[in-house]
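> Compute the structure for the input listed below.
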Amino acid sequence: MIDKKILSSLVLPLGDFLTQGQFCKTLELYRRYDKEDRDTIEAISKAKLKYILNHAASRSKYYEEILGRRSNEISLFEFPILSKYDLNLCIEKIITRSKKELTPVSTSGSTGERSTTYFSSKELSIPRAIQTNWWMWSGYKLGNSILQTGVNTKRSSVKALKDVFFSTRYIAAFNHDENSILKELRRLQVYPKDHFFGFASSLFLFAKVASENNILNIRFKSISSFGEKLPPEFRILIENVFSTKVYDTYGCAEGLMIAGECENGNYHVTSPHVFLEYVDDSGKEVNVGEIGHLLVTGLDNFSTPLIRYKLGDLAVKPDARKRCKCNRPYPLIGDIIGRKTELLKTPLGKYITVQTVTGIMKRVSSVKQFRFIQKSPSYFELEYVPISSEKKANEGDIKRRFNEALSENLNIKFKLCQSIKRAPSGKMQIIKNEVKNSHYL
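Reported below is the predicted structural model:
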């Protein structure tokens, strides 16, 4: 374990210097923001919103073509709503700098549509610092040991060093099965970790396997979930098995850290980093307490300005006057709807999560949309839309990738589609369980 003082005063500043990032500066800034008053945070957010809008209107060819050259200030509502389709189609015009200077970050396709955004080193470090600050809300301190699940199993040299300095054991979230989870649980009994951070489905599966195998002596100081909606039944089991509170977070793979849960169970919007709108189908703002499509404007990525970006989630518009007992100055977000996590199970008892499917399909360049459906305990169907309407994907290769990832020969039927129907929320459901009696999970 790295000493906290060495980590914060030497290792992290050196990392920022070498990568041209600003992790330390941003983390320190948000630690101060946490103690500010509501009016100060609101003023900061408004100033940053104004700046990013003017930047986008003047530096992004995409927005310049839509809005025209402007010498005066521009209103947020003059910008069009940006869909994932628009982002994919127009990314070359949206970005404001040469791609040679930037780092591409591709989403896994967990909404059924992949996308790529671009970041400078400075812009990449900001979401990481915000996430670390959220972890600190749960009691995490620099230097504490971490067990983390994720999809980036090919760790770059920078990420590998990060894992060492942050005392992190990083494991794949897309190939969980009972044996591998049992192995990790046994390891935790010998080499415990302070905190467990991961996808909601990963946390649930660890708790489920621990409970079913009567492994009830593993404790964490805190647990934090990300990447998926955390259903109440998941939270209850995780907290009961590991005897600690789960702190949920909400963001998107396009580098936007939207809201973190505090000790009182409220989700606080990271308003110096994002601006949110809640709109109906026509794009009109809904009333307090009503459900609307969530639009997010990023306030920190000037390389890929995302203005009024439609995530695909629905959320309840909160009362702006509502305050939380924790006294953090950020506005609250209402209930988030439309990211229901499902689990599938193979005939040999291996679990399939969203991360399993996206971890496999992100390497299949010939497919742009997909959905993996369990039709029976032993039969699956993969619906997909190919990149080219005139060319089918290599279905044999896709089946091989599933079988290799799961070490099992699955019965998969492929269904070529022109489009894939969305869930009632408007978001793509990437995995679906159609087994009537799914208690076998």
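
> Count the neighbours of the closest residue to Tyr247 other than its chain neighbours for me.
In space, and not counting its chain neighbours, Tyr247 is closest to Ser138: 4.1 Å by Cβ to Cβ, 6 or more residues apart in numbering. For every residue, glycine as well, the C-beta is placed using N, CA and C. The number of residues packed near Ser138 is 22, by other Cβ atoms under 10 Å.

> How much space separates Gly21 from Tyr140?
Using Cβ to Cβ, to the nearest Å, we find Gly21 at a distance of 20 Å from Tyr140.

> just for the stretch 251-400 of the chain, where's the confidence low?
Counting by pLDDT under 70, the stretch 251-400 of the chain contains low-confidence ranges at 338-342.

> go again using 50 as the cut-off
340 (pLDDT under 50).

> need the helices for the stretch 1-150 of the chain, in chain order.
For the stretch 1-150 of the chain, the helices defined by DSSP state H, counting those that start in this stretch cover 4-6, 12-19, 23-33, 38-59, 61-67, 84-94, 121-137.

> among these, which is nearest Ile236?
The minimum distance between Ile236 and the helices of the stretch 1-150 of the chain falls on helix 121-137, with 20.6 Å, by Cβ to Cβ.

> thinking again about what came up before, just send the helices of the stretch 1-150 of the chain back as TSV, with mean neighbour count too.
Shown next, in TSV, are the helices of the stretch 1-150 of the chain (neighbours: other Cβ atoms under 10 Å):
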stretch	mean neighbour count
helix 4-6	12
helix 12-19	15
helix 23-33	18
helix 38-59	16
helix 61-67	17
helix 84-94	16
helix 121-137	21
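
> Now render those as a markdown table, adding distance to Gly265 and mean pLDDT.
Output for the helices of the stretch 1-150 of the chain, formatted as a markdown table (distance: least, Cβ to Cβ, whole Å; pLDDT from 0 to 100):
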| stretch | distance to Gly265 | mean pLDDT |
| --- | --- | --- |
| helix 4-6 | 28 | 72 |
| helix 12-19 | 31 | 81 |
| helix 23-33 | 20 | 96 |
| helix 38-59 | 19 | 95 |
| helix 61-67 | 38 | 93 |
| helix 84-94 | 30 | 93 |
| helix 121-137 | 12 | 95 |
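
> Of all those, which one is nearest Asn403?
Closest among those, using Cβ to Cβ: helix 84-94, at 29.5 Å.

> Can you dump the C-alpha atoms of the closest one in PDB for me?
The C-alpha trace of helix 84-94 is given here as PDB (Å, rounded to 0.1, in the frame of the first residue of the first chain):
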ATOM      1  CA  LYS A  84     -26.100   9.600 -30.500                       C
ATOM      2  CA  TYR A  85     -26.800   9.100 -34.300                       C
ATOM      3  CA  ASP A  86     -25.900  12.800 -34.900                       C
ATOM      4  CA  LEU A  87     -22.700  12.400 -32.800                       C
ATOM      5  CA  ASN A  88     -21.600   9.400 -34.800                       C
ATOM      6  CA  LEU A  89     -22.500  10.900 -38.200                       C
ATOM      7  CA  CYS A  90     -21.000  14.300 -37.600                       C
ATOM      8  CA  ILE A  91     -18.100  13.700 -35.100                       C
ATOM      9  CA  GLU A  92     -15.500  15.000 -37.600                       C
ATOM     10  CA  LYS A  93     -17.300  18.300 -37.700                       C
ATOM     11  CA  ILE A  94     -18.100  18.400 -34.000                       C
END
